[in-house]
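> Sequence and computational prediction follow.
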Amino acid sequence: MWAQAEIELRPRPRGFHLITDEVVRGLGELERVGVGVLHLHILHTSASLALNENASADVRADLESWFNEAVREDAPYWRHTLEGRDDMPAHVKAVLIGPSLTVPVAAGSLRLGTWQGVYLCEHRDRGGPRRLVLTLNGE
Amino acid sequence: MWAQAEIELRPRPRGFHLITDEVVRGLGELERVGVGVLHLHILHTSASLALNENASADVRADLESWFNEAVREDAPYWRHTLEGRDDMPAHVKAVLIGPSLTVPVAAGSLRLGTWQGVYLCEHRDRGGPRRLVLTLNGE
Amino acid sequence: MWAQAEIELRPRPRGFHLITDEVVRGLGELERVGVGVLHLHILHTSASLALNENASADVRADLESWFNEAVREDAPYWRHTLEGRDDMPAHVKAVLIGPSLTVPVAAGSLRLGTWQGVYLCEHRDRGGPRRLVLTLNGE
């Protein structure tokens, strides 16, 4: 079976945010899949999706710190600066982390590790609402 | 339905290149899929695939600048240097960006965001032609 | 057809390790798939999966060197330090590389490039055994 849905995530501040529950609620068909995969895709180029620690908020804060140091807003070689200082670094971070995740589905649930959760990685200062396409395939 | 094809991309200079149209032309079956996913896989270890801004060429140039600064050709710890100064940095960049993309398909087309396009990320100075495997699955 | 299995990888030292053979052995159904994809997912947040050079061990050593320099254990901004100096850098590396791979399957085998192999990227000093979910879909 196939199912596809689009969901809109409310605006978040710049940083890493847990969205596992919103994703799971986005596709009611999930509970009818015994084995399959769920594909999550973000329709933007300055935000991304990751899978990491679902408990400690410090991990999410530290990820933001590392990415801000690694991709500096004041790099002297940026040409693409018209949309603000945070824009080109956001594109680089989005390429590094990636626009999509594929997650195994087993027995009607995401088959994640105990400590794994889905992150929206918001790389803009004011990214606004973000749209995801969820595509479920399984049997 | 399943369809699979291999396509060869002509040699590109080192950098980030938009290839969305070539990918879409590579699989005629795409237009017959109502809902599904397209998987793109590059058969190489020193080039990669990304999804990002499809309009401004400056974004692609800035990505090349950032990756060149982040993964330096003259790092003192490289051991794998026999194939040239650009080779080991190319492997690191390929691991960071990744060898494949999965893109949602809806109503016979790639379901991409308005500003999203597929990039060939060529990390070698003279990488030559690059081969992709396209695997389409849907209904 | 769908098949899903979980495998446990024996503990490896910190670094990049070739595991292609273990993955292929993990799913006997692979040889019955003419066209499809294999999804590999690691159930942890401080190790990751990559696809890169399968011959030179120097490439794997150089990857470890680069990631250690890029994500330093002594960064002054780490808050998440209770689980050891190697823990938060491991989360960053896992986000950069990613928890999963999707690999094309053709004629009963993984359709990889000549030089491509699957890596377990162990980012902890003593990560212990690591569990993978393998999900195969094809016809």
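On my side now, so go ahead.

> Could you check the angle the helix or strand containing residue A:88 makes with helix B:87-97?
If you go by DSSP states H and E, residue A:88 is part of helix A:87-97. Here helix A:87-97 runs at an angle of 90 degrees relative to helix B:87-97 (axes from the mean of the first three to the mean of the last three C-alpha atoms, to 10 degrees).

> avg pLDDT for helix A:87-97?
If you average the pLDDT over helix A:87-97, you get 98.

> ok, it near chain B or not?
Yes: Helix A:87-97 reaches chain B (C-beta under 8 Å from any C-beta of the partner chain) through A:88, A:91, A:92, A:94, A:95, A:96. Every C-beta, even on glycine, is put in place using the N, C-alpha and C of the backbone.

> Hmm, the first one is touching residue A:74, no?
No: Residue A:88 is not in contact with residue A:74 according to C-beta atoms under 8 Å; the separation is 10.9 Å.

> what about the two, which has more around it?
residue A:88 (28 against 7; other C-beta atoms under 10 Å in any protein chain shown).

> could you pull out the strands for chain A?
A:2-9, A:13-18, A:35-42, A:47-53, A:100-106, A:109-110, A:116-126, A:130-138 (DSSP state E).

> Contact residues of chain A facing chain C?
Taking C-beta under 8 Å from any C-beta, the part of chain A that reaches chain C is made up of A:35-37, A:50-53, A:56, A:58-59, A:61-63, A:65-66, A:69-70, A:96-98, A:101-104, A:106, A:111-116, A:137-139.

> Now for the nearest residue to residue A:40 once chain neighbours are set aside, how many residues are close by?
Nearest residue to residue A:40, sequence neighbours excluded (C-beta to C-beta, 6 or more residues apart in numbering or on different chains): residue A:101, at 4.7 Å. Residue A:101 sits with 24 neighbouring residues when counted by other C-beta under 10 Å.

> tell me the contacts of residue A:101?
A:39, A:40, A:49, A:50, A:51, A:118, C:100 (C-beta atoms under 8 Å, 6 or more residues apart in numbering or on different chains).

> from the residues you listed, which is closest to chain B?
Chain B lies nearest to residue A:39 out of the contacts of residue A:101, by C-beta to the nearest C-beta, at 5.6 Å.

> give me the number of residues near the residue lying closest to that closest one once chain neighbours are set aside?
What sits nearest to residue A:39 in space, not counting adjacent residues and going by C-beta to C-beta, 6+ apart, is residue A:135, at 4.4 Å. Counted by other C-beta under 10 Å, the residues lying close to residue A:135 total 26.

> ditto for the one 3 residues further on
With neighbours defined by other C-beta under 10 Å, the count for residue A:138 comes to 23.

> about what we covered before: quick check, pLDDT for the residue nearest to residue A:39.
We note a pLDDT of 98 for residue A:135 in this prediction.

> wouldn't it be in contact with residue A:30 here?
No: using C-beta under 8 Å, residue A:135 is not in contact with residue A:30, being 11.7 Å away.

> Name the residues contacting each of these two.
Listed as contacting both residue A:135 and residue A:30 by C-beta under 8 Å, 6+ apart are residue A:38.

> from the chain's centre, how far out does the longest helix along chain A sit?
Assignment by DSSP state H gives helix A:57-70 as the longest helix of chain A. On the basis of C-alpha atoms, centre = their mean, to the nearest Å, helix A:57-70 sits 15 Å off its chain's mean C-alpha point.

> Likewise for stretch A:7-21?
On the basis of C-alpha atoms, centre = their mean, stretch A:7-21 sits 8 Å off its chain's mean C-alpha point.

> cool, stretch A:14-32 as well?
10 Å.

> With only the CA atoms kept, save that stretch in CSV.
Output of stretch A:14-32 as CSV, limited to C-alpha atoms (Å, rounded to 0.1, in the frame of the first residue of the first chain):
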residue,chain,number,x,y,z
ARG,A,14,16.4,28.8,14.4
GLY,A,15,17.7,25.6,15.8
PHE,A,16,16.9,21.9,16.1
HIS,A,17,13.4,20.8,17.1
LEU,A,18,11.8,17.4,17.9
ILE,A,19,8.9,16.7,15.6
THR,A,20,8.4,12.9,15.8
ASP,A,21,4.9,13.2,17.2
GLU,A,22,3.7,15.6,14.5
VAL,A,23,5.1,13.3,11.8
VAL,A,24,3.4,10.2,13.2
ARG,A,25,0.1,12.0,13.5
GLY,A,26,0.4,13.2,9.9
LEU,A,27,-0.3,9.7,8.4
GLY,A,28,-3.1,7.7,10.0
GLU,A,29,-2.3,4.8,7.6
LEU,A,30,0.9,4.1,9.5
GLU,A,31,-0.8,1.8,12.0
ARG,A,32,-2.0,-0.5,9.2
